[in-house]
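*Asks:* My questions are about this predicted structure, shown below with the sequence.
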Amino acid sequence: MKALCIVDAEKSEVRDVEPMTMGPDDVVVQVSYVGFCGSDLNTYMGKNPLVQLPRIPGHEASGFIIEKGANVSADLKIGQSVILWPYSACGHCSSCRAGRYNACRYNETLGVQRDGALREKMVIRADCVVPNDSLSPKRQVLVEPLSVGFHAAARGRTQAGETVVVLGCGMIGVGAIMGAAARGARVIAVDTSTDKEAIAKLAGASEFLSLSGEELVKKVNELTDDNGANVVIEAVGLPITFTTAVDIACFCGRVVYVGYSKAPVTYETKFFNLKELDIMGSRNAMREDFDAVIAALLKMGDDMDKLITKTFPMDEAADVLPYWEKNKNDVLKLVVEL
């Protein structure tokens, strides 16, 4: 069976791997499409501390059920179109006991802590497939990455009529824009690349700013009658965007960090107190976020295809991450067709 494997830093190859063994609670999925995430690029570049190499990437995947274990519900049928649910949950840690399985302490995401779906056939627990017939298999790979941004918008308790600033217009940021707009918020999208403006506005942003630091703070204040943003969603992962998020939040606003900084961040912590901010992390997604994304994509119609930058065949899968590394500013989503 063919699979893409990240063998070492800056080295990936399509190789033969042993088929996975199906258990009574599992299904076998014929994989149709797999999308690449920024975490896959970091793994390829040797910058992902959560990954041990070699690793098969792929946690944004779609396919069809071709076999099912003896214990699998009759609700799941052979030939059914599914999106893979890439996370795991122990069911016992404090996160799981609180019903927040997306933040399980012992989560193992496909393609990160365990081998992923960029292979011809994937064996996965039956409760980790999400049946869907409303999107084509290629479009289904958009659901998981966008759901991470939708979850960030939900974490920020975004409400209709509020102003939300989203820092970063990569795929997660685009999901946050879509998620906030779907909740009726006014969204100001921010990215240093002006090439991201069209996608940001397609996703639902009413304004786009290509500013940073004090200039950005000043402009956001101008656009909000000197109040600042009700919600700020950070989807970049740089020290300057972490601190800017606090600066542009309004008094009693909410700051949501979905990116994470690889370097230490130094804050003026007085603003935490003076503004009485709610500062939250956001991790992965919930099943309801998947449903919300699917509904938003269906409203977008054929324009959703603009979120996919380029599609590669399986025999060129080893070229995808090198391509992304060389064309970072031009890529939103790269997909492999199996």
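*Replies:* Received, thanks.
*Asks:* Name the residues of stretch 304-323 that are buried.
*Replies:* 304, 307-309, 311-312, 314, 317-318, 320-321, 323 (16 or more other C-beta atoms under 10 Å). All C-beta atoms are positioned from the backbone trio N, CA, C, and that covers glycine.
*Asks:* would JSON lines of those with pLDDT be doable?
*Replies:* Formatted as JSON lines, the buried residues of stretch 304-323 follow (pLDDT from 0 to 100):
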{"residue": "304", "pLDDT": "97"}
{"residue": "307", "pLDDT": "97"}
{"residue": "308", "pLDDT": "98"}
{"residue": "309", "pLDDT": "97"}
{"residue": "311", "pLDDT": "98"}
{"residue": "312", "pLDDT": "98"}
{"residue": "314", "pLDDT": "97"}
{"residue": "317", "pLDDT": "97"}
{"residue": "318", "pLDDT": "97"}
{"residue": "320", "pLDDT": "97"}
{"residue": "321", "pLDDT": "96"}
{"residue": "323", "pLDDT": "96"}
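*Asks:* Identify, from those residues, the entry nearest to residue 332.
*Replies:* Ranked by distance to residue 332 (C-beta to C-beta), these are led by residue 309 at 5.0 Å.
*Asks:* For the closest one, give me its contacts.
*Replies:* 330-334 (C-beta atoms under 8 Å, 6 or more residues apart in numbering).
*Asks:* Among those residues, name the ones in strands.
*Replies:* residue 334 (DSSP state E).
*Asks:* among the contacts of residue 309, which two are most distant?
*Replies:* Once C-beta to C-beta is applied, these give 330 and 333 as the farthest pair, at 11.6 Å.
*Asks:* Looking at those two, which is more packed in?
*Replies:* residue 333 (22 against 12; other C-beta atoms under 10 Å).
*Asks:* quick revisit: from the buried residues of stretch 304-323, which two are the most distant?
*Replies:* Farthest pair in those, by C-beta to C-beta: 304 and 318, 27.2 Å.
*Asks:* Assign a three-state SS to residue 320, would you?
*Replies:* helix (DSSP: H, G, I helix; E, B strand; the rest coil).
*Asks:* how much space is there between it and residue 168?
*Replies:* Remark: distance between residue 320 and residue 168 (C-beta to C-beta, to the nearest Å) = 22 Å.
*Asks:* mean confidence score for stretch 130-145?
*Replies:* Mean per-residue pLDDT for stretch 130-145: 98.
*Asks:* Just the buried residues of that stretch, please?
*Replies:* Buried, per 16+ other C-beta under 10 Å, within stretch 130-145: 130, 132, 135, 137-145.
*Asks:* And residue 292, how close does it get to residue 60?
*Replies:* 17 Å.
*Asks:* Between the two, which is the more surrounded one?
*Replies:* Taking other C-beta under 10 Å, residue 292 and residue 60 do not tie; residue 60 has more neighbours (30 against 24).
*Asks:* does that one really touch residue 32, like I thought?
*Replies:* No - contact criterion C-beta atoms under 8 Å: residue 60 and residue 32 do not qualify, at 11.7 Å.
*Asks:* for the buried residues of stretch 304-323, which one is nearest residue 24?
*Replies:* residue 314 (29.7 Å).
*Asks:* Quick check on that closest one: phi, psi?
*Replies:* Main-chain torsions, residue 314, degrees, to the nearest 10: phi -60, psi -40.
*Asks:* swap in residue 139?
*Replies:* Dihedral angles (degrees, to the nearest 10) for residue 139: phi -70, psi -30.
*Asks:* Was I right to think it contacts residue 302?
*Replies:* No - at 9.7 Å, residue 139 does not count as touching residue 302 under the criterion of C-beta under 8 Å.
*Asks:* distance of residue 67 from residue 294?
*Replies:* In this view, residue 67 and residue 294 are 25 Å apart by C-beta to C-beta.
*Asks:* ok, the two, which is more surrounded?
*Replies:* For residue 67 versus residue 294, neighbours defined as other C-beta under 10 Å are more numerous around residue 294 (21 against 14).
*Asks:* which of the buried residues of stretch 130-145 lies closest to residue 75?
*Replies:* residue 130 (12.2 Å).
*Asks:* Using the three-state scheme, assign that closest one.
*Replies:* strand.
*Asks:* need the contact list for the closest residue to it other than its chain neighbours.
*Replies:* Excluding its sequence neighbours, the residue lying closest to residue 130 (C-beta to C-beta, 6 or more residues apart in numbering) is residue 83, at 4.5 Å. Counting by C-beta under 8 Å, 6+ apart, residue 83 makes contact with 61-62, 129-130, 132, 140-141, 143-144, 290.
*Asks:* ok, residue 83 to residue 204 distance?
*Replies:* Taking C-beta to C-beta, one finds residue 83 at 22 Å from residue 204.
*Asks:* one step back: show me what the helix or strand harbouring the residue nearest to residue 130 pairs with in its sheet, parallel or antiparallel.
*Replies:* Assessed by DSSP states H and E, residue 83 sits inside strand 81-84. Strand 81-84 has its sheet partners listed here by DSSP bridges as strand 60-68 (antiparallel), strand 129-131 (antiparallel).
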